[in-house]
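Engineer: output the structure for:
(one chain, ligands or ions: 1)
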Amino acid sequence: MTNTEPAPMLFEDFLTKSFDGYAKVSDVITWLSINHVKATIAKPTLTLPCLAECDRSTYFDCYEISQETIGSGRWHDIAMHYNCRHCRRGIYDFAMQIRIPDNPKRESELIAMGKWPPYHERIPEGVLDLTGSDRELFLKGWKAERAGLGIGAYTYYRRVIEDQKNRIIERLIDAASTCDMPVEARRLLEQAKKEQQFASAIDLLKQGLPESLRLKGHEPISLLYSTLSGGIHEHTDGDCLDGAKRIRLLLTTLAARIQRVLDDEAEVNAALSGLLRGKQPSKDQTSR
Ligand SMILES: [Zn+2]
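Structural biologist: Residues are numbered from 1 along each chain as shown. Model (predicted):
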């Protein structure tokens, strides 16, 4: 007979790595009464990215737990609140159900109910704008990827790319139009924006796109599309996870590139208008 029961997890791993569904956890209890009817829940220190001031991984300490000592043998709703040891402003809140065993040789059982913030990373600037009305699907892909669900993540990302390809092309061309470029390149991009055929638009982009919006010299939409080759049925879950990572990386890099080009343009505009204002003598000066 084979034993298919998964090995119990550590409480810290349950909170930081999966926090999903049901799990048996080996180290939830720090104290158990002699008659095994009451136990105290552990409050492990967690290492998580601080999304507030620190912007890096730091230690998080549990500063509040809804119920520290609970009865054994039945389910309890427990909320744990964590904050960043360094800046105190980064937070994580976990809501879960816990059942501790009345037999100390057995593990505790946990069910994840919800957490805030839902992601351990700041979603890169610009990518939510780039994914348009499919941003929810993108976030589901992101969540699936972080949970190691390759087929799920790949499927969500693929849908986003296929649905939003025209929007991504438009954003790319809008950003490109703020760059200095030869007249012919500008003409090609304007033509690409009006082009109804996806393949023809890509050909025009390949010719006209400025270097600042290429990824290592490549036209980014073709790169994104090259990650979608083949159906998910032909690939293992691990292959799909690798594919999902590539799509996410290309999409977030492209969003950052577009953002940088637009920021540069805004900066140049601000500097220019400041310069022009400085050249115009004010009325006070002319009247003196
Ligand atoms: Zn912090």
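
Engineer: and the pLDDT for residue 78?
Structural biologist: Predicted confidence (pLDDT) at residue 78: the value is 97.

Engineer: which SSE is the nearest residue to it once chain neighbours are set aside in?
Structural biologist: Distance criterion CB to CB, 6 or more residues apart in numbering; nearest residue to residue 78, sequence neighbours excluded, is residue 98 at 5.1 Å. For glycine as for every other residue, the C-beta is placed from the backbone atoms N, C-alpha and C. Element membership for residue 98 (DSSP states H and E) is strand 91-99.

Engineer: wait, doesn't residue 250 sit right on residue 220?
Structural biologist: Yes: taking contacts as CB atoms under 8 Å, residue 250 lies within contact range of residue 220: 6.7 Å.

Engineer: re earlier: bridging residues for the residue nearest to residue 78?
Structural biologist: On the basis of DSSP bridges, residue 98 is bridged to residue 76, residue 110.

Engineer: where does residue 82 land in three-state SS?
Structural biologist: strand (DSSP: H, G, I helix; E, B strand; the rest coil).

Engineer: and it, how many neighbours?
Structural biologist: Close neighbours of residue 82, defined as other CB atoms under 10 Å, add up to 24.

Engineer: so who does the nearest residue to residue 154 once chain neighbours are set aside touch?
Structural biologist: The shortest distance from residue 154 to any residue other than its chain neighbours is 4.0 Å, reached at residue 240 (CB to CB, 6+ apart). Residue 240 makes contacts with 150, 151, 153, 154, 155, 232, as judged by CB atoms under 8 Å, 6 or more residues apart in numbering.

Engineer: ditto for residue 187
Structural biologist: Here residue 187 is in contact with residue 208 (criterion: CB under 8 Å, 6+ apart).

Engineer: pLDDT on the host helix or strand of it, on average?
Structural biologist: In this structure, residue 187 sits in helix 183-194 according to DSSP H and E. Averaging the model's pLDDT scores along helix 183-194 yields 87.

Engineer: right, and the helix or strand after that helix?
Structural biologist: helix 198-208.

Engineer: okay, that next one in CSV with CA atoms only?
Structural biologist: Provided in CSV are the C-alpha atoms of helix 198-208 (Å, rounded to 0.1, in the frame of the first residue of the first chain):
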residue,chain,number,x,y,z
PHE,A,198,-1.9,41.6,-36.6
ALA,A,199,0.9,40.1,-38.6
SER,A,200,1.3,43.2,-40.8
ALA,A,201,1.3,45.5,-37.7
ILE,A,202,4.1,43.4,-36.2
ASP,A,203,6.1,43.7,-39.4
LEU,A,204,5.8,47.5,-39.3
LEU,A,205,6.7,47.5,-35.6
LYS,A,206,9.8,45.5,-36.4
GLN,A,207,11.0,48.1,-38.8
GLY,A,208,10.0,51.3,-37.0
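
Engineer: contact partners of it?
Structural biologist: 165-166, 169, 172-173, 176, 181, 184-189, 191-193, 195, 219, 221-222, 225.

Engineer: grab the nearest non-local neighbour of whichever residue of the stretch 151-288 of the chain sits closest to the ion.
Structural biologist: Using CB to the ion, the closest approach of the stretch 151-288 of the chain to the ion is made by residue 252 at 22.5 Å. Closest residue in space to residue 252, ignoring its immediate chain neighbours: residue 124 at 4.4 Å, by CB to CB, 6+ apart.

Engineer: next, give phi and psi for the one you found.
Structural biologist: phi -50, psi 140 (degrees, to the nearest 10).
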